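Colleague: Curious how this folds, go ahead:
(2 chains)
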2 protein chains.
Amino acid sequence: MADVGTASLENGNGAETGDQAWLVFMPSGKRGRFTKGTPILTAARQLGVDIDSVCGGRGICGRCQVVVSEGEFAKLGVTSDAHHLSDFSSVEQRYADKRGLKPGRRLSCSAQLLGDLVIDVPADSQVHKQVVRKRAEMREIRLDPVIRLHYVEVQEPDMHDPTGDLQRLEKALKAQWNLEGLDCDVRAIQGLQQALRKGEWKVTVAVHMGRQITAVWPGFQDKIYGFAVDVGSTTIAGHLCDLATGEVVASSGLMNPQIRFGEDLMSRVSYVMMNPGGDADMTKAVRDSLNDLAQAVAKEAGCTVHDILECTFVGNPIMHHLLLGINPIELGWAPFALATDGPVQIWATEIDLKVHPNARIYVLPCIAGHVGADTAGVILSETPYETEEMTLIVDVGTNAEIVLGNKHKLLAASSPTGPAFEGAQISCGQRAAPGAIERVRIDRDTLEPRFKVIGCDLWSDHPDFAKETEAFGVTGVCGSGIIEALAEMFLAGILTQDGVIDGAMAAKSPRIQADGRTFIYMLHDGQPQLRITQNDIRAIQLAKAALYAGARLLMDKLGVDKLDRITLAGAFGSHIDVKYAMVLGMIPDCDLAKVTSAGNAAGTGARIALLNRSARDEIARVVKQVEKIETAVEAKFQEHFIGAMALPHKTAPYPHLAKAVNLPEPKIAAAPEGDDGGRRRRRRG
Amino acid sequence: MADVGTASLENGNGAETGDQAWLVFMPSGKRGRFTKGTPILTAARQLGVDIDSVCGGRGICGRCQVVVSEGEFAKLGVTSDAHHLSDFSSVEQRYADKRGLKPGRRLSCSAQLLGDLVIDVPADSQVHKQVVRKRAEMREIRLDPVIRLHYVEVQEPDMHDPTGDLQRLEKALKAQWNLEGLDCDVRAIQGLQQALRKGEWKVTVAVHMGRQITAVWPGFQDKIYGFAVDVGSTTIAGHLCDLATGEVVASSGLMNPQIRFGEDLMSRVSYVMMNPGGDADMTKAVRDSLNDLAQAVAKEAGCTVHDILECTFVGNPIMHHLLLGINPIELGWAPFALATDGPVQIWATEIDLKVHPNARIYVLPCIAGHVGADTAGVILSETPYETEEMTLIVDVGTNAEIVLGNKHKLLAASSPTGPAFEGAQISCGQRAAPGAIERVRIDRDTLEPRFKVIGCDLWSDHPDFAKETEAFGVTGVCGSGIIEALAEMFLAGILTQDGVIDGAMAAKSPRIQADGRTFIYMLHDGQPQLRITQNDIRAIQLAKAALYAGARLLMDKLGVDKLDRITLAGAFGSHIDVKYAMVLGMIPDCDLAKVTSAGNAAGTGARIALLNRSARDEIARVVKQVEKIETAVEAKFQEHFIGAMALPHKTAPYPHLAKAVNLPEPKIAAAPEGDDGGRRRRRRG
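Modeller: Below is the predicted model:
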């Protein structure tokens, strides 16, 4: 054992003396004195320096690469010289010839300490490396793999020592990797003898959570994958990740086939209520799709589904239950009881997932009957529990899940927005697809619109627009388009604060036209005609009022009036212009610079749980502490809802918004319309 | 909390004082002072007295029955009076009306302490009750259930507290049973919500090893079963046990259907070698049979296979591997490597066993490539590791497994006896079935035989024998019959010490007849003729020499010359007369009073592992310490084998046997026979 310690360098230990030398690892700064000739990896292990290795120091895996930092390090009291490292060995040469080695890189298992050295451990050589996220403001994912690979050489059986093959494998794991007290999956035992003999007693072992042998491959194996899936009610999206690097190597998505049983969540639960066994049909449908998705990503990545050893899932409570084969019927009526609000870790085979036969799945915990594992994923991705900032996170889908709080407390609720934001219930609405209007501007004087459609970068008033959109035309208005259309109509004075199309404006522009007792705005007079009707506006008002009321209710519960940050999660959140969302009053007032979109944060949460085992404990702990608010039983929700029907709000001030946008003065519509303006409570779904 | 303690009664605390009274439990002798009005069960729990309960003190299960011991207990310093117990309550009356309550019995959950009392806890009210074994010399099985049932009342869900049903169940288990940190099988979660609602929030929960929720039933449930199975190469035998009482409630057996792939073990391994996929076929065959067997015992016991929550298995290494879906091919050639020599605990579904979907199976550990989990079962049943007596245990089947030792050390080996002891390779041999000769006596003067056949209690020289055996006749000689025939032939001087039929005896009786170069002994001149040929004798000599040589080799290894006890395990062991086995020299000399048959000790071992969870750790620990001897690589084995060909042995003295039996003087046969007398080594199987 080396003279490992924190001995002060100032005490004269800085210089190389006798048969020992100083070794400093960067960036950790861990240091110690070691006998000359000690392999760098051996020293690193003794110091607890984070250097990866699958082959256990045999020069096969190349995971343990390091670089010498040359120079005089006055602060460290060490003069580091590349000649203080042993010459390039035949083992390193063999590796370099076979798999390539960048200039300056050395295999720390082979290179030996000959004199004082400062050694850099590059990020890609660390087990617990950081996985970079696209969004600069987010903390990076620290790799902390659930499964690690260990290459071992196993003693052959012997008539004089008739131990089992498994026991000799365990002995090797103890001797070569210091792994003890392991269990072994029976399916791994079934293939063990063949693997050992095919690999001539050299095998690679996958160990789950440091406890369980889940796979044994003949010879050396260094690629295993994990699969993180967001099971949405409309779309299922999966990311295949390299478990050693954390990188996403393939992504794919497909429609949730349960749609044939019901477009939205509640109609699927109704299907189960009406059709005994319907839950099993839907469970089978989603599991079949997951198998298709796994096949697709594996193909894209050039591996097979059998290389997938770990899967994580998020989804709303009904998707969560159906995935796990739990009848979701109790989620269809009060009190909306979850079967479990804890995380579930089981075998992939238990949900009929055809990946590696011993793969595990981990399903993030649900929070409440309407706030699912998808929201847990969002929380894990956005980590509001780590900041002092009062943060509102809104995941807008068919329901809106709302999380509010900071490191001191988190609240969560679901608000029944309905599918209007997705273009459903809107006369000219459609899903986001080429030809759908997604951006709208209305001239404040002429009230003439211009717009952009998906699939074309030009505005509609550009001379080439017709030509460029010829292939798909202008077919409807998607969710973000309807938000912008309404917000612009409001800003242009076409809509009153109460959401009524002002008939008086018909005099100003032929685009405002009478439609029975109400008026419409002709957004696009083509084939088809795209008209914004009073009913369309009412549908959006109901949805946005529900969303605002939910957020406001949580603010009341927490006793806060102002938000420091708003994050819009979900696909919808990525496409809307947050300014227009605020003009409509979908969300409370906030500094617009602090209102951001998080993309598929639920899916990112699944990916974090896949790559970082301690994140699993973290989210389970956080979810337990989240206070769940059931909007349906809160009297205040109704009150907030009514106030939130107005644009942006009947009474709430929007000082930040007013600075960014020229908000019109309140006015009364010229022609009253027949709608009761009240609330039509719908079942969420 | 009561004033629980060991306060000396002599100190004047003996008398009932104030609002407290003394309570003494028998037979444990645990005592304490408790506030009057305390339910007896509550007091028992505080003192750690072993009283069973499934319903948790609700007067439903009736497991907690106790009896008042009336009288003045001078030694205890207590005067116990039935009136010191509260009157028969309405709860007790309801239980008595519904399920019956023996006179004097009280439900300890309902009956309250009113004054000093001595309370008897009957054996059937204890969780850790003793299960009586038929054999008086064996330690009883202490019940220590792997699974316990807990009746709980669960809080209903509430919109204001949206916890999962599982979490409220866990809360109830914590509050009502002090069970914490439980996991739950996903299949139990799947059925949880329905069970809770069907049971109106009262359910019975099965908890495995105090850790895992494996089943949830609506309402009260108090019967669950375990299934202990001995998977033999010829016969599969299963016992269904009530897990609460430990009693065997049904037993059944059937032929191992793998016989169609090969009569003995080696031919089954050869089948796999010759037919890729043959292992899967045999695995399926044995698993199908286990399902049939489970159905049969469940039917016999009046329950269903879904009431079986735990199964244990023993079997030789090849049966063990095939059961678990492990290709046994490595057991067919040197070095006979086991896939694992550890115990295996997995789900029943993992071996396609259709019992309760969350049932676990536990497979006892194998010891070496030829010494299987059946031998581990024998060791667990016979506990040679607990005695000072030098014990030899022989499990005679197609192979013989041999265990030798005592509490200081155990050795184990397998000896290739072949199937001669089972009547195979014997010209007149047959399986044990009606009509098979099982007992033989030969008159020392006339050399006339008399015998008994299976299915008839009369000797063949009884006048009614022919009539009584008319239905099945005299059809062959089974294993025990051939042993007795040869031993009697030897004692009557028909056989020489070398195992040769002495042609000179043909002059004395027409039963000895020439047969080519050798002679035969006509055991039964009927239809069919049953003749003992020189080849038959040779087959038995080879088998018995292998058995003896194995035992003797272990004695050498352990450095002992004398045995204190010999136990014959297995079906064969139950049927042979140990005296004749010793006359043939199958086993070394020993006091005949200490040579006993253990019956199906392997199966008993499976039953112990089923009923006592600590027995599992015990046998895993013992098996690790057993020294394994591979007879095939021991030169001494050959030497012992040759000496053991003679009757009872060429050189070894048999002083105990000589006292019990008139052993003939050595002599030379009149007519030499052509056999080489040497060793024909066969593969075991």
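Colleague: What residues sit buried inside the helix or strand bottoming out on mean pLDDT in chain A?
Modeller: One helix or strand of chain A scores below all others by mean pLDDT, DSSP states H and E: helix A:570-575, with a mean of 80. Of all the residues in helix A:570-575, those buried under the rule 16 or more other C-beta atoms under 10 Å in any protein chain shown are A:570-573, A:575. Backbone N, C-alpha and C define where each C-beta goes, glycine included.
Colleague: got it, and stretch A:499-506?
Modeller: So for stretch A:499-506, counting by 16+ other C-beta under 10 Å, buried means A:499-503, A:505-506.
Colleague: Give me the distance between the two termini of that stretch.
Modeller: 16 Å (C-alpha to C-alpha, to the nearest Å).
Colleague: Can you list the neighbours in contact with that stretch?
Modeller: Contact with stretch A:499-506 is made by A:447, A:489, A:493-496, A:512-514, A:518-521, A:532, A:534, A:537-538, A:541, A:645-647, A:667, A:669-673, as judged by C-beta atoms under 8 Å, 6 or more residues apart in numbering or on different chains.
Colleague: so which helix or strand takes in residue A:289?
Modeller: Element membership for residue A:289 (DSSP states H and E) is helix A:278-301.
Colleague: Quick check: mean pLDDT of that helix?
Modeller: Over the span of helix A:278-301, the pLDDT mean works out to 97.
Colleague: can you check stretch A:577-594 too?
Modeller: 95.
Colleague: same thing with stretch A:384-401?
Modeller: 92.
Colleague: buried residues in that stretch?
Modeller: Neighbour-count burial for stretch A:384-401 [16+ other C-beta under 10 Å]: A:384-385, A:390-401.
Colleague: go on, stretch A:226-235?
Modeller: A:226-234.
Colleague: cool, stretch A:292-301 as well?
Modeller: A:293-294, A:296-298, A:301.
Colleague: in chain A, what spans have low per-residue confidence?
Modeller: For chain A, applying pLDDT under 70 flags the ranges A:1-17, A:134, A:136-137, A:670-685.
Colleague: State the distance from the spatially most distant residue from the centre of it to residue A:392.
Modeller: No residue in chain A sits farther from the centre than residue A:160, which is 54.4 Å out by C-alpha atoms, centre = their mean. According to C-beta to C-beta, to the nearest Å, residue A:160 and residue A:392 sit 70 Å apart.
Colleague: circling back to that earlier point, tell me the one of the buried residues of stretch A:384-401 nearest chain B?
Modeller: Chain B has its nearest neighbour among the buried residues of stretch A:384-401 in residue A:401, at 13.4 Å by C-beta to the nearest C-beta.
Colleague: separation between the residue lying closest to residue A:577 once chain neighbours are set aside and residue B:335?
Modeller: Closest residue in space to residue A:577, ignoring its immediate chain neighbours: residue A:484 at 6.5 Å, by C-beta to C-beta, 6 or more residues apart in numbering or on different chains. Distance, residue A:484 to residue B:335, using C-beta to C-beta: 76 Å.
Colleague: same thing with residue A:414?
Modeller: Taken as C-beta to C-beta, the span from residue A:414 to residue B:335 is 63 Å.
Colleague: what do you get for residue A:614?
Modeller: 43 Å.
Colleague: In terms of neighbours, single out the busier of the two.
Modeller: The neighbour count for residue A:614 versus residue B:335, taken as other C-beta atoms under 10 Å in any protein chain shown, is higher for residue B:335 (16 against 9).
Colleague: I figured the more buried one hits residue A:165, correct?
Modeller: No. Residue B:335 lies out of contact with residue A:165 (C-beta atoms under 8 Å); the separation is 10.6 Å.
Colleague: shared neighbours of these two, anything?
Modeller: residue A:157.
Colleague: thinking again about what came up before, and which of the buried residues of stretch A:499-506 is nearest to chain B?
Modeller: Closest to chain B, out of all of the buried residues of stretch A:499-506 and judged by C-beta to the nearest C-beta, is residue A:499, at 30.7 Å.
Colleague: what's the most distant pair in the buried residues of helix A:570-575?
Modeller: A:570 and A:575 (9.6 Å; C-beta to C-beta).
Colleague: for the stretch 551-685 of chain A, what spans make up the helices?
Modeller: Using DSSP state H, counting those that start in this stretch, the helices found in the stretch 551-685 of chain A span residues A:570-575, A:578-583, A:601-611, A:613-625, A:635-643, A:655-660.
Colleague: what's the distance between the longest one and the middle of its chain?
Modeller: Counting by C-alpha atoms, centre = their mean, to the nearest Å, helix A:613-625 is centred 15 Å from the centre of its parent chain.
Colleague: tell me the angle of it relative to helix A:601-611?
Modeller: With axes from the mean of the first three to the mean of the last three C-alpha atoms, to 10 degrees applied, the angle from helix A:613-625 to helix A:601-611 works out at 130 degrees.
Colleague: just checking, what packs against helix A:613-625?
Modeller: Here helix A:613-625 touches helix A:373-382, helix A:601-611, going by 3 or more C-beta pairs under 8 Å, 6 or more residues apart in numbering or on different chains; DSSP states H and E.
Colleague: so can I have CSV of those showing distance to residue A:55 and mean neighbour count?
Modeller: Below are the helices and strands packed on helix A:613-625 laid out as CSV (distance: least, C-beta to C-beta, whole Å; neighbours: other C-beta atoms under 10 Å in any protein chain shown):
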stretch, distance to residue A:55, mean neighbour count
helix A:373-382, 33, 30
helix A:601-611, 22, 29
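Colleague: Look through the stretch 1-150 of chain A and state the residue closest to chain B.
Modeller: For the stretch 1-150 of chain A, C-beta to the nearest C-beta, closest residue to chain B: residue A:146, 17.1 Å.
Colleague: Contacts only, for the closest residue in space to that residue that isn't next to it in sequence.
Modeller: Using C-beta to C-beta, 6+ apart and skipping residues adjacent in sequence, the residue nearest residue A:146 is residue A:613, 4.7 Å away. Applying C-beta under 8 Å, 6+ apart to residue A:613 gives the contacts A:144-146, A:209.
Colleague: Residue A:335 now?
Modeller: Neighbours of residue A:335 in contact, by C-beta under 8 Å, 6+ apart: A:369, B:157-159, B:162.
Colleague: quick one: which of the residues you listed is most hemmed in?
Modeller: residue A:369 (27 neighbours).
Colleague: quick one: it from residue A:338, how far?
Modeller: In terms of C-beta to C-beta, residue A:369 sits 6 Å off from residue A:338.
Colleague: hey, what's in contact with both of those two?
Modeller: A:317, A:331, B:162.
Colleague: Secondary structure of residue A:205: a helix, I assume?
Modeller: No. Under the criterion used here (DSSP: H, G, I helix; E, B strand; the rest coil), residue A:205 is strand, not part of a helix.
Colleague: Report the separation between it and chain B.
Modeller: 14 Å (C-beta to the nearest C-beta, to the nearest Å).
Colleague: next one: residue A:210
Modeller: 18 Å.
Colleague: so that residue makes contact with residue A:179?
Modeller: Yes. Using C-beta under 8 Å, residue A:210 makes contact with residue A:179 at a distance of 6.8 Å.
Colleague: before we move on, back to that, in JSON lines: the buried residues of stretch A:292-301, plus distance to chain B.
Modeller: Below are the buried residues of stretch A:292-301 laid out as JSON lines (distance: C-beta to the nearest C-beta, whole Å):
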{"residue": "A:293", "distance to chain B": "21"}
{"residue": "A:294", "distance to chain B": "19"}
{"residue": "A:296", "distance to chain B": "26"}
{"residue": "A:297", "distance to chain B": "24"}
{"residue": "A:298", "distance to chain B": "25"}
{"residue": "A:301", "distance to chain B": "28"}
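Colleague: which one of the residues you listed sits closest to residue B:346?
Modeller: Scanning the buried residues of stretch A:292-301 for proximity to residue B:346, where the rule is C-beta to C-beta, the winner is residue A:294, at 24.8 Å.
Colleague: which non-adjacent residue is nearest the closest one?
Modeller: residue A:305 (4.9 Å).
Colleague: which residues sit in contact with the one you found?
Modeller: Here residue A:305 is in contact with A:291, A:294-295, A:298, A:354-356 (criterion: C-beta under 8 Å, 6+ apart).
Colleague: Thanks a lot, catch you later.
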